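Asker: okay, predicted coordinates and the sequence, questions at the end:
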Amino acid sequence: MTAVDLVGGEGPDPRRYRPSHIAGNPAALSPQQRELIDRVAALGPRFAERAARHDREASFPFENFEDLRAAGLLGLCVPRAHGGLGADFASYALVAAEMGRWCGSTALSFNMHVCACLWSGAIADALDMTSAQRADHERIRAIHYQRVVGQGQVYAQPFSEGGAAAAGAAPWGTIARKVDGGYSIRGKKIFATLAGAAHWYGVLCTLELPGQVGGGTWRDAIYLAVPADAPGVTVSGDWDPLGMRGTVSRNLSFTDVFVPDEARLMPEGLYHQAASRFPHMFATLSPTYLGVAQAAYDFTVQYLRAELPGMPHVLRRMYPTKQHTVAEMRIKLEATRALFLQNLRDACIDPDKDTRMRLYAAHFTIMENANDLCRLAIRTCGGQSMLKSLPLERLYRDSRCGSLMLPWTAELCLDRLGRECLYEAGEQDEQIE
Ligand SMILES: Cc1cc2nc3c(=O)[nH]c(=O)nc-3n(C[C@H](O)[C@H](O)[C@H](O)COP(=O)(O)OP(=O)(O)OC[C@H]3O[C@@H](n4cnc5c(N)ncnc54)[C@H](O)[C@@H]3O)c2cc1C
């Protein structure tokens, strides 16, 4: 059974609405990409069924992660040489988008896990390292990947601190001090998706160099995996947000937490190189929101055709105003998908300025359009469509979170794009007194 058959619900009946493949035309994908998307689509109906409860309770979908584990998807971006599926950035994004159409919170949480594998895997492979660093990284990442592939463990990615660091405008306030055999970590992270659910927290810290207490710059960032049960790690704070409630993104604090040298997810000093040279990694959040947008569109068509299970047979598709809105939604969805696919083709180490600008534009558009598609869906489906018994109001709330997510909030995308549109590297204006 393919992704398309499953979304349709009742097999390939040509009279029923058959939702599009998440990539539009699957013929353009590799056989592995098609197979991975179908693998997620096979789990999707279970995720969708559980989504309402996790949203209501703001609880983490542990069962979905069990399913991902059983389907071998936790090792999606672990290199094949380390027992994983060896998926690259583009394949990951396609998988995440398909997952997002079934459960946004699961897809967003999965993103955090996969990023730890991508940063240390395909991205690290493209970076410049000395041969000693490369050998050391190879030895250490084998330990991390064994945990993922061999033991089904999950990594989270708590970067945000509530200040300018996650926006890339200040060094991380979480400090890792070099000590005998490892590092001692102190600091606090906010909005840590998978808090209390992950086995490991991939924490970005500033490496405190000798004689530089609390000092260091953004260049001194170090990426360390902290065991969730290490002494000194605390999860705190309420979690009762507007949307993406199943991510359970609570606060984490680290009080003199010791981790050994093997905690490094990248060699010292390499995170800065990775972040500067592979900016597409900061767009890994947007595939989830393409999935949410697709789900809002699919819902709208099924609702207006009176094909949603359990609904009274009231057709609404014959009104021209509704037809116009669905057309507008389809145009927006296809434009969003086209930019999403463009990002996947463009992703590379050291993109040129035009490619970077396309990336900001695409990321901004996916995040904003996802919310706009949900808005249009509610407006055209009408009052009964936003009842809590249906998924649309959750999609709407989930979609609202996209453009708030650092490092590339909608505002920060506009800032970066606006500046790069008008200035070349190194250009400055004269000071106006
Ligand atoms: C559902 C959900 C899940 C999340 N999961 C994670 C996670 O797993 N890991 C993680 O690290 N984070 C996660 N986040 C956090 C998210 O990425 C943001 O960091 C968080 O929303 C920050 O909130 P804030 O109100 O402090 O942001 P803001 O106030 O928007 O930004 C924080 C700081 O960034 C700087 N800044 C903001 N805008 C600008 C601007 N235009 N120009 C210059 N500087 C600016 C400022 O210094 C500001 O104080 C999640 C968020 C959500 C909603």
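Answerer: Nice, thanks for sending it over. Residues are numbered from 1 along each chain as shown.

Asker: show me what the helix or strand harbouring Arg186 is packed up against.
Answerer: Assigned by DSSP states H and E, Arg186 belongs to strand 182-192. With contacts taken as 3 or more C-beta pairs under 8 Å, 6 or more residues apart in numbering; DSSP states H and E, strand 182-192 sits against strand 175-179, strand 200-208, strand 221-227, strand 250-260. Quick note: C-beta positions are derived from backbone N, CA and C, even for glycine.

Asker: what lies in contact with that strand?
Answerer: Applying C-beta atoms under 8 Å, 6 or more residues apart in numbering, the contact partners of strand 182-192 are 156, 158-162, 172-177, 201, 203, 205, 207, 222, 224, 226, 232, 235, 237, 249-261, 263.

Asker: quick revisit: in CSV: the helices and strands packed on strand 182-192, plus mean pLDDT and distance to the ligand.
Answerer: Output for these, formatted as CSV (pLDDT from 0 to 100; distance: least, C-beta to the nearest ligand atom, whole Å):
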stretch, mean pLDDT, distance to the ligand
strand 175-179, 95, 16
strand 200-208, 96, 8
strand 221-227, 97, 12
strand 250-260, 98, 10
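
Asker: got JSON lines for those strands, with mean neighbour count too?
Answerer: Listed next are these as JSON lines, based on neighbours: other C-beta atoms under 10 Å:
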{"stretch": "strand 175-179", "mean neighbour count": "20"}
{"stretch": "strand 200-208", "mean neighbour count": "25"}
{"stretch": "strand 221-227", "mean neighbour count": "24"}
{"stretch": "strand 250-260", "mean neighbour count": "19"}
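
Asker: out of the ones you listed, which is closest to Cys401?
Answerer: Nearest to Cys401 among the helices and strands packed on strand 182-192 is strand 250-260 (15.3 Å), distances taken as C-beta to C-beta.

Asker: using CSV, write out every CA atom in the closest one.
Answerer: Extracted C-alpha coordinates of strand 250-260, given in CSV (Å, rounded to 0.1, in the frame of the first residue of the first chain):
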residue,chain,number,x,y,z
ARG,A,250,10.0,22.0,28.9
ASN,A,251,13.1,23.6,30.4
LEU,A,252,16.3,21.9,31.2
SER,A,253,18.9,23.0,33.7
PHE,A,254,22.5,21.7,34.0
THR,A,255,24.2,22.1,37.3
ASP,A,256,27.9,21.0,37.1
VAL,A,257,27.0,18.0,35.0
PHE,A,258,30.0,15.9,34.1
VAL,A,259,30.2,14.3,30.7
PRO,A,260,33.2,12.4,29.3
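
Asker: partner strands of that strand, with direction?
Answerer: Strand 250-260 has the following sheet partners, assigned by DSSP bridges: strand 182-192 (antiparallel), strand 233-236 (antiparallel).

Asker: where does the prediction get shaky in the chain?
Answerer: 1-12, 214-215, 431-433 (pLDDT under 70).

Asker: spell out which parts of it neighbour the ligand.
Answerer: With C-beta under 6 Å from any ligand atom as the criterion, the chain comes near the ligand at residues 112, 157-160, 162-164, 166-167, 169, 191-193, 244, 247, 249, 401, 404-406, 409, 411-412, 415.

Asker: 8 Å instead?
Answerer: 105, 108-109, 112, 156-160, 162-167, 169-170, 189-194, 241, 243-244, 247, 249, 285, 401, 404-407, 409, 411-412, 414-415 (C-beta under 8 Å from any ligand atom).

Asker: please indicate which of those are buried?
Answerer: 105, 108-109, 112, 156-160, 165-166, 189-194, 243-244, 247, 249, 285, 401, 405-407, 409, 412 (16 or more other C-beta atoms under 10 Å).

Asker: which residues in the stretch 201-350 of the chain form helices?
Answerer: 270-277, 286-304, 320-346 (DSSP state H, counting those that start in this stretch).

Asker: need those in a markdown table (columns: mean neighbour count).
Answerer: Output for the helices of the stretch 201-350 of the chain, formatted as a markdown table (neighbours: other C-beta under 10 Å):
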| stretch | mean neighbour count |
| --- | --- |
| helix 270-277 | 19 |
| helix 286-304 | 27 |
| helix 320-346 | 17 |
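
Asker: turn those helices into a markdown table, including distance to Phe62.
Answerer: A markdown table is the format used below for the helices of the stretch 201-350 of the chain (distance: least, C-beta to C-beta, whole Å):
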| stretch | distance to Phe62 |
| --- | --- |
| helix 270-277 | 30 |
| helix 286-304 | 19 |
| helix 320-346 | 29 |
